[in-house]
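Q: for reference, the sequence and a predicted model appear below.
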Amino acid sequence: MSTDYRLIDSTLRDGSHAISHQYNADEVVAIVRGLDRAGVQVIEIAHGDGLGGSSFNYGFSKVDEKELIDRACASTTTAKIAVLLLPGIGLADDLRDVKELGVSMARIATHCTEGDISEQHIKTAKKLGLETIGFLMMAHMNSPEGLVEQALLMQSYGADVIYIADSAGAMTTEDVRRRVNALVEALDVPVGVHAHNNLSMAVANSIAAYEEGAKNLDGTSAGLGAGAGNCPTEILAAVSDKYGISTGVDVLALMDVAEEIIRPLMPRQQVIDRAGLILGYAGVYGSFLLHSQRAAERYNVSQAEILLELGRRQVVGGQEDMIIDVALELARKHSEAQA
Amino acid sequence: MNRMRCAIIGSGNIGTDLMYKMLRSDHLEPVALVGIDPDSDGLARARAAGLNAPHTGPQWVIENAGNLDMVFDATSAYVHMRHHRQYRDAGITAIDLTPAAVGPKVIPSVNLYEHLDAPNINMVTCGGQATTPMVFAIRRALPTLPYAEMVSTVASKSAGPGTRQNIDEFTKTTSTALREIGGAEQSKAIIVLNPAEPPIMMRNTVFAAMPEGADQDAVIASIHEMAIEVAKYVPGYRLKNPPVIESGPFSTPGGVVPHRAVVLLEVEGAGDYLPAYAGNLDIMTAAALRVGEAIAQSRIPAGAPA
């Protein structure tokens, strides 16, 4: 059936951040079955930081992601199974492995100014016959023109779709419109948007992206994800219905997945508390949320101060180690002030 | 004094930076900076410094083998893989600054004197040069090191096309060095590019799994000693914050451990070619130069005038 946009669900990838990468196989099977039954076209699964993300820096996965991907591939009927890979963290070899497991889409993600590090991986994914998406993260940190330049690189490597990700949930609707509009004008391939909810804009920004011509939209069930969470798919689908935008998904079935499978496994509700809001306000990578909370507790410093300092340093996704660096420096400053 | 005659191949960031360092060496004489683009900035600088600056690539090195003792390869893993046998057959010692990893890997503060006779020596990666010494330092203070991990962040401006097109080779080669030279049983390497303006200094973080009963004070002391050791040949190498031991437990690939060591490093470049932020260039070229000089010194016949 033809739809106005394609919904890509990232509950099993971006959602993994919110549960510190602790998915087990039974949860994966239940989520894939529920989303597949609801008519979701694509289900993304990997460590939150993409293939190979299991580490001290980003948190170790409870269950090997390849085992979970294997189970996901075995549990879907119509939904495509996708993975995410960040060059510098995951390897082209990982794409070969997951292709064997039955994955049919790869999203290759780089910081929004570093598209040229994706060449090796986009070409590998294409050669493997995977639908390949170039994914430009932290898109608020680059201008519409700058994003076009990066997107054209990824398109030239063979990407079938180009996404921009508001990884810090920092964009206003106007920011999204200008960027999507520029990309749709400049590219030969379809455009997608991945929104976060730190400023409570995720659904509105996704609809705006659609209005500007985006043909792919991301979300997660119940908004489970990094920072204050992703664009909640059940809400996006409901709002799309009200606008008369065809999604091909069963809104009530998506609500059931969110309510009956996802909410019971959430360690905390996906709300916009102070730390979440600061991420969006200061433009800090969403997955720093829980890591900065742990560092704040460990070194007895303010999480808000850590996040603001990371924003000042223009830290990008992947630099979770800098959270410890900032926490140690804040702790030292405090003890010097008391001395 | 007789200096070893050296060609540097690859006129990008690394090769050009190495040229400036080698011009100051007492043991190594840069004969040529070899490129493939006659208009490159590196070759223009080589000409200005009075060096040969051919643009015929590896072919030039082979043709001039009779006048060369060493070649420092700062091209790419791909180019090095294609030509290393020719260098060997021509009797030229190759110091490989790409992640091709053909020859034995050398980290000067750990195994400088182990491979001085090898026809090909691999300098691992910039991140490997920065973090392997710390993994080794932690390992020597522990009965076992089940798992070690490094995260390297470099300024976007300091990462040339070679690095960008070969990012998997960077992580694989670095990770291997953490095991083979650092002594970790399992390992992982991560690289991040940061485009901030002004550019950030090269940052490296080492995480190490600390098994039950580890002597934490000995680990910390060993880390401090190693920082001094590396700074002898990379003056901008330093601990950004004192090393810390954090409590877990942590479920690492090497098993569950109660603690982890976290070493936060910064490398400030000497500013020979790119500005001080490009510590990633500096640590590679400084380490390669240290290896070249050690080889040169090892070849001086006993009793010869110094």
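A: Received, thanks.

Q: and the residue of the stretch 151-300 of chain A found nearest chain B, how many residues sit next to it?
A: Proximity of the stretch 151-300 of chain A to chain B (CB to the nearest CB) peaks at A:R298, 6.6 Å away. In short, each C-beta sits where N, CA and C put it, glycine included. Residues lying near A:R298 (other CB atoms under 10 Å in any protein chain shown) number 15.

Q: again, but for the one 5 residues further on
A: Applying other CB under 10 Å, we find 20 other residues in the vicinity of A:Q303.

Q: ditto for B:R299
A: Using other CB under 10 Å: B:R299 sits among 15 other residues.

Q: you'd agree it is up against B:M4?
A: Yes - B:R299 lies in contact with B:M4 (CB atoms under 8 Å); the separation is 7.3 Å.

Q: just give the nearest non-adjacent residue to B:N13, would you?
A: B:G160 (4.9 Å; CB to CB, 6 or more residues apart in numbering or on different chains).

Q: what's near enough to touch the one you found?
A: B:G12, B:N13, B:I14 (CB atoms under 8 Å, 6 or more residues apart in numbering or on different chains).

Q: for the second one, what are its contacts?
A: It refers to B:N13. B:S158, B:G160, B:Y273, B:L274, B:A278, B:L281.

Q: how about a cut-off of 10 Å?
A: B:41-42, B:74, B:157-163, B:273-274, B:278, B:280-281, B:284-285 (CB atoms under 10 Å, 6 or more residues apart in numbering or on different chains).

Q: would you mind checking these for buried ones?
A: B:42, B:74, B:157-160, B:162-163, B:273-274, B:278, B:280-281, B:284-285 (16 or more other CB atoms under 10 Å in any protein chain shown).

Q: so which of these is the closest to B:S25?
A: B:T285 (11.3 Å; CB to CB).

Q: now the closest one. Nearest residue, chain neighbours left out?
A: Spatial nearest neighbour of B:T285, excluding adjacent residues (CB to CB, 6+ apart): B:L18 at 4.1 Å.

Q: my guess is that neighbour contacts B:L281. True?
A: Yes - counting by CB atoms under 10 Å, B:L281 is a contact partner of B:L18 at 8.6 Å.

Q: find residues that contact each of these two.
A: With CB under 10 Å, 6+ apart as the test, B:L18 and B:L281 both reach B:A74, B:L97, B:D272, B:Y273.

Q: relative to B:A100, how far out is the first one?
A: Meaning B:A74. 12 Å (CB to CB, to the nearest Å).

Q: what touches both of these two?
A: With CB under 10 Å, 6+ apart as the test, B:A74 and B:A100 both reach B:H80.

Q: which ones are touching the closest residue in space to B:L43 that isn't next to it in sequence?
A: Leaving aside its chain neighbours, B:L43 sits nearest to B:A53 (4.2 Å; criterion: CB to CB, 6+ apart). Counting by CB under 10 Å, 6+ apart, B:A53 touches B:11, B:19, B:32-35, B:38, B:40, B:42-47.

Q: out of the residues you listed, which are buried?
A: Buried among those (16+ other CB under 10 Å): B:S11, B:M19, B:A32, B:L33, B:V34, B:G35, B:S40, B:G42, B:L43, B:A44, B:R45, B:A46.

Q: I'd say the fifth one and B:V61 touch.
A: Yes - taking CB under 10 Å as the definition, B:V34 is a contact partner of B:V61 at 6.2 Å.

Q: which residues are in contact with each of the two?
A: Shared contacts of B:V34 and B:V61, counting by CB under 10 Å, 6+ apart, come down to B:A7, B:I8, B:I9, B:P54, B:V71, B:D73.

Q: tell me where the stretch 201-339 of chain A has strands.
A: With strands called from DSSP state E, counting those that start in this stretch, the stretch 201-339 of chain A shows them at A:216-219.

Q: kindly report the residues of it close to chain B.
A: Proximity of the stretch 201-339 of chain A to chain B, by CB under 10 Å from any CB of the partner chain, involves residues A:294-295, A:298-299, A:313-322, A:324-329, A:331-332.

Q: helices of the stretch 151-300 of chain B, start to end?
A: B:161-165, B:167-180, B:216-231, B:279-299 (DSSP state H, counting those that start in this stretch).

Q: quick check: domain ranges of the chain?
A: No chain specified, so I'll use chain A. A:6-265, A:287-338 (automatic domain parsing).

Q: um, chain B though
A: With domains defined by automatic domain parsing, chain B comprises B:4-124+B:286-299, B:126-278.

Q: buried set for stretch B:229-244?
A: Going by 16+ other CB under 10 Å, stretch B:229-244 has these buried residues: B:E229, B:V230, B:Y233, B:V234, B:G236, B:Y237, B:R238, B:L239, B:K240, B:N241, B:P243, B:V244.

Q: out of those, the closest to A:H194 would be?
A: The closest of these, once distances to A:H194 are taken by CB to CB, is B:K240, at 32.6 Å.

Q: just the closest residue of the stretch 1-150 of chain B to chain A, please.
A: Closest point on the stretch 1-150 of chain B to chain A, by CB to the nearest CB, is B:E149, at 4.9 Å.

Q: which ones are touching B:E180?
A: B:A101, B:P104, B:K105, B:I107, B:N111, B:V124, B:T132, B:S187.

Q: okay if I get those residues as CSV plus neighbour count and secondary structure?
A: Below are the contacts of B:E180 laid out as CSV (neighbours: other CB atoms under 10 Å in any protein chain shown; DSSP: H, G, I helix; E, B strand; the rest coil):
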residue, neighbour count, secondary structure
B:A101, 23, coil
B:P104, 14, coil
B:K105, 23, strand
B:I107, 25, coil
B:N111, 15, helix
B:V124, 27, coil
B:T132, 31, helix
B:S187, 25, strand
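
Q: for these, work out which two are farthest apart.
A: Counting by CB to CB, the most remote pair of the contacts of B:E180 is B:P104 and B:S187, 17.7 Å apart.

Q: which two from the buried residues of stretch B:229-244 end up farthest apart in space?
A: Top of the distance list for the buried residues of stretch B:229-244 (CB to CB): B:Y233 and B:V244, 26.1 Å.

Q: and the residue of the stretch 51-200 of chain A found nearest chain B, what does it touch?
A: Here the stretch 51-200 of chain A gets closest to chain B at one residue, A:F56, 3.7 Å apart by CB to the nearest CB. By CB under 10 Å, 6+ apart, the contact set of A:F56 is A:320-321, B:147-151, B:188, B:190, B:205-209, B:246, B:248, B:250, B:252, B:260, B:262.

Q: coming back round to it: inside strands: which ones of the shared contacts of B:V34 and B:V61?
A: Mapping the shared contacts of B:V34 and B:V61 onto strands (DSSP state E) picks out B:A7, B:I8, B:I9, B:V71, B:D73.

Q: and for the last one, the neighbour number?
A: What it means is B:D73. B:D73 has 31 nearby residues by other CB under 10 Å.

Q: close enough to count as contact, it and B:Q86?
A: No - B:D73 lies out of contact with B:Q86 (CB under 10 Å); the separation is 11.4 Å.

Q: list residues touching both of the two?
A: Joint contacts of B:D73 and B:Q86 (CB under 10 Å, 6+ apart) are B:P58, B:V61, B:A94.

Q: out of the residues you listed, who's the most crowded?
A: B:A94 (27 neighbours).

Q: I'm done for today, thanks for sticking with me.
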